[in-house]
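Colleague: kindly return the folded structure for what I paste below:
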Amino acid sequence: MTTSNRLRSGNVSAPETGVSVYEAIHNRRMNNDFSDAVPDRDALRRMLDAAVWAPNHRLTNPWRFYVLEKGGEKRAQVAQLAYDNLFARSGNHEHADGSRQRVLDAPALIYVYSVPGDSEELTQENYAAACCAVQNLLLAAVAEGLAGDWSTGNTTRHPQLAETLGGESDWTMVGALFIGQPSRPSASVRAPADEVTAWLS
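Modeller: Down below sits the predicted model:
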């Protein structure tokens, strides 16, 4: 991408959703209980547009996103990799088939990678930036009336996954994002910030 094609913050318009950033932060919960409705592609594009505004002070743009269409050939290939990976480790067909079905059934599925840098420090910074991009995406999902499950489990661990998606073997997996309309509310707990904060003078 040339410099002339770069997005500039002053020229980007935020979608009107009526959800404040604080509401999105507090309402974002991991949720993998979805309705069958497939999220609108325009909504997914807005979420991806939000993702790339994550903190990235060296402007390396280290994130790579792969959106797997439901019912598509690539989704089926990745689902089979999930089955193969779990069956090879466990020998349990039922569990392996459950992992495959999870990939097939997700209303929307996005794989996220981070590309390496020229040094270990930059590679770590790139990974941190890509994680921030995922958080941006998941907060935008809340604004779109959606929920997501950020997974780094079996569905992300097959050694041929990156190649199957079109990526490189030295890229770092950030996670698989299962996204859809939540079928149920979800809740969580956190320690209050005062318990983990020191005010120094």
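Colleague: just give me the longest helix of the chain.
Modeller: In terms of residue count, the longest helix belonging to the chain (DSSP state H) is helix 120-143.
Colleague: for that helix, which helices and strands make contact with it?
Modeller: Packing contacts for helix 120-143, counted by 3 or more Cβ pairs under 8 Å, 6 or more residues apart in numbering; DSSP states H and E, involve helix 21-27, helix 41-51, strand 63-68, strand 108-114, strand 147-151, strand 172-180. The way it works is simple: take the backbone N, C-alpha and C, and place the C-beta from them, glycine included.
Colleague: save those as a markdown table, and put in distance to A191 too.
Modeller: Listed next are the helices and strands packed on helix 120-143 as a markdown table, based on distance: least, Cβ to Cβ, whole Å:
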| stretch | distance to A191 |
| --- | --- |
| helix 21-27 | 15 |
| helix 41-51 | 27 |
| strand 63-68 | 29 |
| strand 108-114 | 27 |
| strand 147-151 | 20 |
| strand 172-180 | 24 |
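Colleague: enumerate every residue touching the residue sitting nearest the centre point of the chain.
Modeller: Centroid check for the chain by Cα atoms, centre = their mean gives L177 as the closest residue, at 3.9 Å. Residues counted as contacts of L177 (Cβ atoms under 8 Å, 6 or more residues apart in numbering) are A108, L109, I110, Y111, V112, V134, L137, L138, G148, D149, W150, S151.
Colleague: what sits against the fifth one?
Modeller: Spelled out, that is V112. By Cβ under 8 Å, 6+ apart, the residues touching V112 are W63, R64, F65, Y66, A130, A133, V134, M173, V174, G175, A176, L177.
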